[in-house]
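Asker: This is a predicted model, with the sequence first.
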Amino acid sequence: MNITVDKPIIYLYPEKEEKVSVKLNGKERLTCTYPKYNNAWNVTAYPDGTLEDSNGRKYYALYWEGLYKVNIDKTKGFCVKGEDTIGFLEEKLAMLGLNEREAQEFIVYWLPQLEKNKYNYIYFKQTEEVNDVMRLDITPTPDTVIRILMVFEPLKKEIEVEEQEIVTPERKGFTIVEWGGTKL
């Protein structure tokens, strides 16, 4: 099923000030980017996550959106009451490796779409599965890559699903973090 992958943003945390190139494979499927994507994003990245382009403009993340084929086996994941969304996301996003700022930005963006539903089916595609949707080529090569794509579907009633296994990555060295999501 071709769907829009919404609000993927990429954070870069090098150990020292570093020139970094980020390439998205599949750029023909992109629908929106910021800053504008031209075959790559080339930025100077700082340990605090600040990014600077060649014109001196600063950013906190790189943003893209696009149309992609996303397959989900809905036998695994989570069924979450809309009213329990905040606690669920705070717990799972920490387990998935997001720091507090990244998790807060994720929650602020997705909460309005999730908490209004009686229930939500939620599945987190993690790094290897996200690579199948949109591969990234980053130079220099990061030591740690954390990629999360939340797939959700609003539900009128609770369903039974096998709980998805969450892999908690260790953040060390040059780290990139990316999160986004999509509604089925």
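Answerer: Right, received. Where do you want to start?
Asker: Flag the shaky bits of this structure, pLDDT-wise.
Answerer: 1-3 (pLDDT under 70).
Asker: Following the chain past the lengthiest helix in the chain, name the next helix or strand.
Answerer: Using DSSP state H to define each element, the chain has its longest helix at helix 100-114. As assigned by DSSP states H and E, the chain's next helix or strand after helix 100-114 is strand 119-125.
Asker: Contacts made by stretch 79-96 with the rest, please.
Answerer: For stretch 79-96, the external contacting residues (C-beta atoms under 8 Å, 6 or more residues apart in numbering) are 78, 102-103, 106-107, 110-111, 114-122, 124, 126, 146, 148, 155, 158-161, 166, 168-169. In short, each C-beta sits where N, CA and C put it, glycine included.
Asker: In the chain, what residue spans correspond to strands?
Answerer: 2-13, 18-25, 30-34, 41-45, 51-52, 58-59, 62-69, 76-81, 119-125, 135-139, 144-155, 162-163, 175-183 (DSSP state E).
Asker: Name the residues of the fourth one that are buried.
Answerer: When you say that, I think you mean strand 41-45. Residues of strand 41-45 classed as buried: 41, 43-45 (neighbour count, 16 or more other C-beta atoms under 10 Å).
Asker: I'd like the strands of the chain laid out as JSON lines, including distance to Leu96.
Answerer: Shown next, in JSON lines, are these (distance: least, C-beta to C-beta, whole Å):
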{"stretch": "strand 2-13", "distance to Leu96": "14"}
{"stretch": "strand 18-25", "distance to Leu96": "21"}
{"stretch": "strand 30-34", "distance to Leu96": "24"}
{"stretch": "strand 41-45", "distance to Leu96": "22"}
{"stretch": "strand 51-52", "distance to Leu96": "22"}
{"stretch": "strand 58-59", "distance to Leu96": "23"}
{"stretch": "strand 62-69", "distance to Leu96": "19"}
{"stretch": "strand 76-81", "distance to Leu96": "12"}
{"stretch": "strand 119-125", "distance to Leu96": "6"}
{"stretch": "strand 135-139", "distance to Leu96": "17"}
{"stretch": "strand 144-155", "distance to Leu96": "5"}
{"stretch": "strand 162-163", "distance to Leu96": "14"}
{"stretch": "strand 175-183", "distance to Leu96": "8"}
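Asker: if we can go back for a sec, and the buried residues of strand 41-45, which two are furthest apart?
Answerer: Among those, the pair separated by the greatest distance (C-beta to C-beta) is Trp41 and Thr44, at 11.2 Å.
Asker: just to revisit the earlier point, of the strands of the chain, which is nearest Gly97?
Answerer: Per C-beta to C-beta, nearest to Gly97 of the strands of the chain: strand 144-155, 4.3 Å.
Asker: CA-only coordinates of that closest one, as PDB, when you get a sec.
Answerer: Extracted in PDB, the C-alpha atoms of strand 144-155 (Å, rounded to 0.1, in the frame of the first residue of the first chain):
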ATOM      1  CA  THR A 144      24.900   4.700  16.100                       C
ATOM      2  CA  VAL A 145      21.800   4.800  13.900                       C
ATOM      3  CA  ILE A 146      18.300   5.000  15.500                       C
ATOM      4  CA  ARG A 147      15.400   5.100  13.000                       C
ATOM      5  CA  ILE A 148      11.700   4.800  14.000                       C
ATOM      6  CA  LEU A 149       8.700   4.900  11.800                       C
ATOM      7  CA  MET A 150       5.400   4.600  13.800                       C
ATOM      8  CA  VAL A 151       2.500   3.000  11.900                       C
ATOM      9  CA  PHE A 152      -0.900   3.500  13.400                       C
ATOM     10  CA  GLU A 153      -4.500   2.800  12.700                       C
ATOM     11  CA  PRO A 154      -7.400   4.300  14.600                       C
ATOM     12  CA  LEU A 155      -9.700   1.600  16.100                       C
END
